[in-house]
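J.: got a sequence here, can you build the structure:
(2 chains)
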There are 2 protein chains.
Amino acid sequence: MRISELSAASGVSIPTLKFYLRKGMLERGDVTSPTRADYGSDHLERIALIGALTSVRGLPIARVRQILAIVDGAHDDPVDAMGRAVAALPPYDNESQSDDDSDALDATAAELPRAQHAARALGFAFDPAYPATRQLEAALEGLDNAGLPWNPDVARRYRDALVPLAEEELAPMDTMTPHESVSYAVLGTALYEPVILAIRRLAHRDRVVDHPTGQA
Amino acid sequence: MRISELSAASGVSIPTLKFYLRKGMLERGDVTSPTRADYGSDHLERIALIGALTSVRGLPIARVRQILAIVDGAHDDPVDAMGRAVAALPPYDNESQSDDDSDALDATAAELPRAQHAARALGFAFDPAYPATRQLEAALEGLDNAGLPWNPDVARRYRDALVPLAEEELAPMDTMTPHESVSYAVLGTALYEPVILAIRRLAHRDRVVDHPTGQA
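T.: Numbering: from 1, shown residues only, chains lettered A, B, ... in the order given. Okay, here's the model as predicted:
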């Protein structure tokens, strides 16, 4: 189909499609004449994925480009690819808002005391270079600042809920090629997170409806 | 202490403190002379909480103000208060970026087909007016757009992990006053979410390290 038909089929305007093409987020169609290129269902799927990351996930375009580049890339090291994807998702480090690849991967254990301690309680390897380690440090600092509890019992609550969940989520990777598995892990991290937060918020709602407070 | 001492103790600049005072986010100190007010530990705690919501959680100031107003308010209805807090957290509705209270609470069941279906699979009451219901609809639309699975087995995976977690998280509310319980639920929702995402991201990392792919 022509770009005008691609626009109609996807609901995305032609200027936006041209922007995606210019930025390398969408592959150019097969050129059929000097003024015409042909687009197909792969392009429609790609546009839907960009829409999921921008509109639904609410990521800025620069972050979407980073994630697409990881999904499209060849990966010797899936853990490295996942780490770069995680660094492209909120919450962003105050020090690493920049768009280049220097996203502070140089955190040392001494700067991550809460995360180091928590890794033990959670049964995780402590990897100060993995971006989620810094994100955990910041999240635990937030609990501290707000006076909300974090202790071994609380850690166990999250470990017991989330480690079996993570295992189930990634089990399909065992039968995938490295390229497929990186794409699955990266998009799964980005797009199931809002599902998880919405379900937890709804579970809280139902819990409060079922156990009203107000005796005081 | 004077505002200069409050600034030194909190690490927040005097202009920023004055901004918080002007916006009603921070209570004015006890006035001890026409040019001097006295601040105490309550103010320090409040500044730390604002820091947790802005720096750590990354919320825009307008959203922090909304959340503080809910925490500070008197509540006849904790579910309503939690709903308004949830609407002040990302992901934001495209239609409700505005700062007023009209945050589209008029979604109808017909506009939320995925969430209505999912509520059944998750064992939740379906409440189209609760903001997290719209957030779930958008999140499930994102999975659809990216071609990621959502079916009864996947729903069960998240229900089994998150419903018992939500129950444990909110159990302390049973012995709180309504005001305490709203504050606990609202701040807990805002500030444990980054903890949950970081732990899940680290669990994924450990899972991939333990089960490397790459046979293909």
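J.: name the nearest residue to A:Glu193, ignoring sequence neighbours.
T.: In space, and not counting its chain neighbours, A:Glu193 is closest to B:Leu197: 5.8 Å by CB to CB, 6 or more residues apart in numbering or on different chains. Bear in mind the C-beta positions are built from the backbone N, C-alpha and C, glycine included.
J.: where's A:Ser55 relative to chain B, distance?
T.: For A:Ser55, the distance to chain B (CB to the nearest CB, to the nearest Å) stands at 7 Å.
J.: all the strands of chain A, residue numbers only.
T.: Secondary structure of chain A (DSSP state E): strands at A:30-33, A:36-38.
J.: so which of the ones you listed is the most packed in?
T.: Most buried of the strands of chain A by mean neighbour count (mean count of other CB atoms under 10 Å in any protein chain shown) is strand A:36-38; its value is a mean of 14.
J.: got the contact list for that strand?
T.: A:Met1, A:Arg2, A:Ile3, A:Arg28, A:Gly29, A:Asp30, A:Val31, A:Thr32 (CB atoms under 8 Å, 6 or more residues apart in numbering or on different chains).
J.: can you tell me which of the residues you listed is nearest chain B?
T.: Here the nearest of the contacts of strand A:36-38 to chain B, counting by CB to the nearest CB, is A:Met1; it sits at 18.9 Å.
J.: surely that closest one touches A:Ser41?
T.: No. Applying CB atoms under 8 Å as the test, A:Met1 and A:Ser41 come out as separate, 9.5 Å apart.
J.: neighbour count for these two, which is higher?
T.: Higher neighbour count among A:Met1 and A:Ser41: A:Met1, with 16 against 9, using other CB atoms under 10 Å in any protein chain shown.
J.: where does chain A have low pLDDT?
T.: A:93-107, A:213-216 (pLDDT under 70).
J.: in it, which spans are helices?
T.: Under the criterion DSSP state H, chain A contains helices at A:3-10, A:14-22, A:41-51, A:61-72, A:78-87, A:113-122, A:131-146, A:152-170, A:178-210.
J.: do you know how far A:Phe124 is from A:Leu170?
T.: To A:Leu170, A:Phe124 is 15 Å away according to CB to CB, to the nearest Å.
J.: typed the wrong thing, it's A:Ala138
T.: Distance, A:Ala138 to A:Leu170, using CB to CB: 24 Å.
J.: returning to what we had before: now render the strands of chain A as CSV, adding distance to A:Asp76.
T.: CSV is the format used below for those (distance: least, CB to CB, whole Å):
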stretch, distance to A:Asp76
strand A:30-33, 31
strand A:36-38, 33
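J.: so who does the residue sitting nearest the centre point of chain A touch?
T.: Centroid-nearest residue in chain A, with CA atoms, centre = their mean: A:Ala190, separated by 2.7 Å. Taking CB under 8 Å, 6+ apart as the criterion, A:Ala190 is in contact with A:Leu53, A:Arg57, A:Leu59, A:Ile67, A:Ala85, A:Leu89.
J.: also A:Leu6?
T.: A:Leu17, A:Gly29, A:Tyr39, A:His43, A:Leu44, A:Ile47.
J.: and with 10 Å instead?
T.: If a contact means CB atoms under 10 Å, 6 or more residues apart in numbering or on different chains, then A:Leu6 has A:Val12, A:Ile14, A:Leu17, A:Leu26, A:Gly29, A:Ala37, A:Asp38, A:Tyr39, A:Gly40, A:His43, A:Leu44, A:Ile47 as its contacts.
J.: I figured the fourth one hits A:Tyr39, correct?
T.: Yes. With contact taken as CB atoms under 10 Å, A:Leu26 and A:Tyr39 are classed as touching, separated by 8.8 Å.
J.: overlap in contacts of these two?
T.: Residues touching both A:Leu26 and A:Tyr39 (CB under 10 Å, 6+ apart): A:Leu6, A:Leu17, A:Arg46, A:Ile47.
J.: what is the neighbour count of the closest residue to the last one other than its chain neighbours?
T.: When you say that, I think you mean A:Ile47. Using CB to CB, 6+ apart and skipping residues adjacent in sequence, the residue nearest A:Ile47 is A:Ser10, 4.4 Å away. A:Ser10 has 19 neighbouring residues, counting by other CB under 10 Å.
J.: look up how far A:His43 lies from A:Ser10.
T.: Computed with CB to CB, the distance linking A:Ser10 and A:His43 is 8 Å.
J.: where's A:His179 relative to A:Ala185, distance?
T.: The spacing between A:His179 and A:Ala185, counted by CB to CB, is 11 Å.
J.: comparing the two, which residue is more hemmed in?
T.: In terms of neighbours (other CB under 10 Å), A:Ala185 is the more surrounded of A:His179 and A:Ala185; the figures are 28 against 17.
J.: mind checking how far the closest residue to the more buried one other than its chain neighbours is from B:His204?
T.: Nearest non-adjacent residue to A:Ala185, counting by CB to CB, 6+ apart: A:Met82, 5.3 Å away. Here the criterion is CB to CB. By it, A:Met82 lies 7 Å from B:His204.
J.: quick one, what contacts A:Asp160?
T.: Going by CB under 10 Å, 6+ apart, A:Asp160 touches B:Ala161, B:Pro164, B:Leu165, B:Glu168.
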